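[1] Sequence first, then the predicted structure:
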Amino acid sequence: MLNKLTVSSSPHIHLGERTSGIMLDVIIALIPAAIYGIILFGINAALVVLVSVVSAMLSEFIWNKILKKENSWFDLSAAVTGLILGLCLPPRLPIWMAALGSAIAIIVVKQMFGGLGQNFANPASTARITLMVSFPAAMTSFYEPFGNIVSSATPLVDDGALTVKEFLFGIHGGCIGEVAILPLIIGGLYLMARRIISPIIPTSFIATVFVFSWVLGLNPLNAILSGGLMLGAFFMATDYVTTPSFNLGKLIFGVGCGILTVVIRRFAALPEGVSYAILIMNLLVGYINKLTMQKPFFKEVKQK
Amino acid sequence: MKYIAEEILKPVKNIAGGINLPHFKNTADSVATPLPDPKTVVMPLKQHIGAALEPTVAVTDKVFVGTLIADSESPMSAPLHSSVSGTVKEITEVKMPSGEKVKAIVIESDGSATQAEPNIPTINSAEDIVKAARNAGLVGLGGAGFPTHIKLAPAVNDNIDTLIINAAECEPYITSDYRTCMDDYDDVFDGIYLLKKYFNFKNIIIAVEADKPLAIRKLCDIASDRQDTINAVKVMKLKKTYPQGAEKFLVYTTTGKMIPPGKLPSDVGCVVMNITSIAALNRYIRTGMPLVSKRITVDGNGITNPQNLIVPIGTPIINVLEFCGYNENLTKILYGGPMMGLAVSDITSPVLKQNNAILALCENQNVKSTPCIKCGRCLRHCPVNLTPAFVNAALKRQDNEKLAVLNINQCIECGSCAYVCPASIPLTQVMRTAKSILRRNSNVK
């Protein structure tokens, strides 16, 4: 080997953290919410989540095959997209709709814009919106946990009827991974502790929803505990690719998402605003980054 | 006098970016052993930043340890002295790790290590010290190779009142400056007092990173022992952060002064010298022996017995490897540390003046770059607050207008961005490429 030395650019050592490791951490953070949701809603929910993940990975595989690109399963980003989408679907959604949602997320939202790192909109939240618009009835048929009682009302409409404890443990109808707040918070804290995500977006997003709902005369506690806010704030609004790069930008993004969520919930004829708020803010990321670009450390010093 | 805790200064400022690196200071306790003289040494005529030298000897000339063998008329240069006694075998050309081809003098050792007649300089003024620094062939021994006399020259001027001795040694593996603190402290302090006597330094700070408590204690003890000037030299314990030892950051952490882009430490009244450079300067003034050998750390997972060695300059790397033992499967040899060191293509390449380490690594060669996921780690860890991910994107779409506004020329190429990149994108190389494109564009205009 001595006559075949590698000559490459410095640095010659690496931290060892890889994209797949980051994605694996996100999956680990989502597992409590997934398992808890499956316990609440049973085998149907398990099927929806599983189909979402498998469909996302298959879509990635097929796309790469057709375009003769290298298979990129191993970076686990498709699995993360599928898992997040699965968790924000209703438990008894026909599984072909879940499969279609994941295919839209991976092929239309992510790959058609250039693949990993190139999409401007969050694949999971955009796919959810697509499903919501296409199949409004199926997407809003919620069920009480542990039972068969059909409850078409979402908790957002049931303003004030539930206790904090019921929200924390998800004892109400809703989407598989969204109803129970506690496992989502545990997952979010895990990602922050592992320094995978910055706390700026989740805290500013949730705090803005709380304050702004209160200003508009809504129950602020219900506002932050219900709907898709926690899943959105911790797992969709923190997606690296589609959110701002700098701290000030992250703050602007979080506050913007919060305001839009409340405005949509309060004034629009839509059941939930989190996905739309994130999508709208995704569109502004380029501008936010430009406005909040970090300045070099060493500056011109003005002569005294 | 005993060690007095109060004497240790705290950094005036801390840097926000940077990274925490593993230390790998395996050779910290290894007192340097001299490497036996190699049969031949190869002396490239450009082991400094500046103009290449011209040989002052001819083939078949007899030379001794310390004989001047190459010099230049250009002030931006450092003369070169033979590191062995023997005969000039040939004057050839070698390829430096930068890719540049330079002339080199090959000297065959006679094994006797006979020294040239020592020429002990007389020091009566600051100018004499600057002259001595040049005659000693001194360059910045921390790795950059900037001629020492050029660095000291502005300090003859009254406006420069702070001398910062750089013993941060923030790169992993390297312990050669640490050994200077532990073994050559007399030369360090004598050198400092000599500078203090003839220059106008009011603050003298030896800056050491917190991961070297024994060196900090040692330097404090010595400073205390020399009570007459106890207030002259302060030891500062820096927080352990890479790239703390980079000159601009060192001036900032030790004095709080910000060096504006494109300016030098002397513009804010500071001179930064590596601790081994000042010891070498004093050794020359004491003995008349110029810089002919260098303490280097030999380490890395490709080395069987990691240790510190004193190596004649020009020794082929293979001699060093054979002395320490090496793994046959090693894939990479470095001049310097793993963060900023240069990869060597040829095992017969010589040890250079400014080298502080030779590292041999067995690497996993199968790591491929994946797409940027805009995770922001490079942005967060860049000590200069640059935006490597944005540079990478602009470079990919050949957006030269965007490149021009990203302050790329302020990059110190410390390697932090590529070190943390989870997509394994060679971001430091991206920054270098961007710099050269900008340079080419400005030349075209």
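    Yep, that arrived. Residues are numbered from 1 along each chain as shown, chains lettered A, B, ... in the order given.
[2] I'd say B:N355 and B:G143 touch.
    Yes: if you go by CB atoms under 8 Å, B:N355 and B:G143 touch, sitting 7.5 Å apart. No exception for glycine: its C-beta is placed from N, CA and C like everyone else's.
[3] what sits in contact with each of the two?
    Shared contacts of B:N355 and B:G143 (CB atoms under 8 Å, 6 or more residues apart in numbering or on different chains): B:G336.
[4] With neighbour numbers in mind, choose between the two.
    Between B:N355 and B:G143, counting by other CB atoms under 10 Å in any protein chain shown, B:N355 is the more crowded of the two (26 against 22).
[5] secondary structure element for the more buried one?
    According to DSSP states H and E, B:N355 maps onto no helix or strand at all.
[6] how many neighbours does the nearest residue to it once chain neighbours are set aside have?
    Residue nearest to B:N355 in three dimensions, not counting chain neighbours: B:Y335, with 5.2 Å by CB to CB, 6 or more residues apart in numbering or on different chains. Close neighbours of B:Y335, defined as other CB under 10 Å, add up to 24.
[7] Equivalent analysis for A:K290, please.
    As a burial measure, A:K290 scores 11 neighbours (other CB under 10 Å).
[8] next one: B:A116
    By other CB under 10 Å, neighbour count at B:A116 equals 18.
[9] Just the pLDDT for it.
    Per-residue pLDDT puts B:A116 at 90.
[10] ranges for the strands of the stretch 201-350 of chain B?
    Per DSSP state E, counting those that start in this stretch, the stretch 201-350 of chain B carries strands over the ranges B:203-209, B:233-238, B:270-274, B:293-299, B:307-312, B:332-335, B:342-344.
[11] what's the following helix or strand after the shortest one?
    Toward the C-terminus, strand B:342-344 is succeeded by strand B:357-361 as the next helix or strand (DSSP H and E).
[12] Distance of A:G258 relative to chain B?
    From A:G258 across to chain B, the span is 21 Å (CB to the nearest CB, to the nearest Å).
[13] so what's whichever residue of chain B sits closest to chain A up against?
    Closest approach of chain B to chain A (CB to the nearest CB) occurs at B:G415, with a separation of 3.2 Å. Residues near B:G415 by CB under 8 Å, 6+ apart: A:10-11, B:339-340, B:428.
[14] again, only using 10 Å
    By CB atoms under 10 Å, 6 or more residues apart in numbering or on different chains, B:G415 lies in contact with A:9-14, B:19, B:21, B:171, B:242-243, B:337-341, B:426-429, B:431.
[15] and what of B:A136?
    Remark: with contacts taken as CB under 10 Å, 6+ apart, B:A136 is in contact with B:78-79, B:81, B:121, B:148-149, B:277, B:280-285, B:288-292.
[16] Just the ones of these in helices?
    With helices taken from DSSP state H, the overlap with the contacts of B:A136 comprises B:148-149, B:277, B:280-285.
[17] could those residues be laid out in JSON lines, adding pLDDT and neighbour count?
    Output for the ones in helices among the contacts of B:A136, formatted as JSON lines (pLDDT from 0 to 100; neighbours: other CB atoms under 10 Å in any protein chain shown):
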{"residue": "B:T148", "pLDDT": "93", "neighbour count": "28"}
{"residue": "B:H149", "pLDDT": "94", "neighbour count": "22"}
{"residue": "B:S277", "pLDDT": "94", "neighbour count": "29"}
{"residue": "B:A280", "pLDDT": "95", "neighbour count": "29"}
{"residue": "B:L281", "pLDDT": "96", "neighbour count": "28"}
{"residue": "B:N282", "pLDDT": "96", "neighbour count": "23"}
{"residue": "B:R283", "pLDDT": "95", "neighbour count": "19"}
{"residue": "B:Y284", "pLDDT": "96", "neighbour count": "25"}
{"residue": "B:I285", "pLDDT": "95", "neighbour count": "22"}
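[18] what helices or strands is the least confident helix or strand in chain B by mean pLDDT leaning on?
    Here the helix or strand of chain B ranked lowest by mean pLDDT, DSSP states H and E is strand B:8-9, holding a mean of 82. Secondary-structure packing of strand B:8-9 (3 or more CB pairs under 10 Å, 6 or more residues apart in numbering or on different chains; DSSP states H and E): strand B:203-209, helix B:213-225, strand B:233-238.
[19] tell me what the longest one is packed against?
    Helix B:213-225 sits against strand B:8-9, strand B:162-167, helix B:176-183, helix B:185-198, strand B:203-209, strand B:233-238, with contacts defined as 3+ CB pairs under 10 Å, 6+ apart.
[20] residues of stretch B:186-194 that come out buried?
    B:187-194 (16 or more other CB atoms under 10 Å in any protein chain shown).
[21] Correction: the previous question concerned stretch A:259-268.
    Neighbour counts over stretch A:259-268 (16+ other CB under 10 Å) mark A:259-262, A:264-265 as buried.
[22] any idea which of the residues you listed is the one closest to chain B?
    Using CB to the nearest CB, the buried residues of stretch A:259-268 come closest to chain B at A:L260, 21.8 Å.
[23] In three-state terms, label the closest one for me.
    helix (DSSP: H, G, I helix; E, B strand; the rest coil).
[24] circling back to that earlier point, need the buried residues of stretch B:186-194 in a markdown table (columns: distance to B:I216).
    Listed next are those as a markdown table, based on distance: CB to CB, whole Å:
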| residue | distance to B:I216 |
| --- | --- |
| B:D187 | 18 |
| B:V188 | 13 |
| B:F189 | 15 |
| B:D190 | 20 |
| B:G191 | 19 |
| B:I192 | 16 |
| B:Y193 | 20 |
| B:L194 | 23 |
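[25] Including pLDDT and distance to B:G325, could the residues you listed go into TSV?
    Formatted as TSV, the buried residues of stretch B:186-194 follow (pLDDT from 0 to 100; distance: CB to CB, whole Å):
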residue	pLDDT	distance to B:G325
B:D187	94	31
B:V188	94	31
B:F189	92	36
B:D190	92	36
B:G191	93	35
B:I192	92	38
B:Y193	90	41
B:L194	91	40
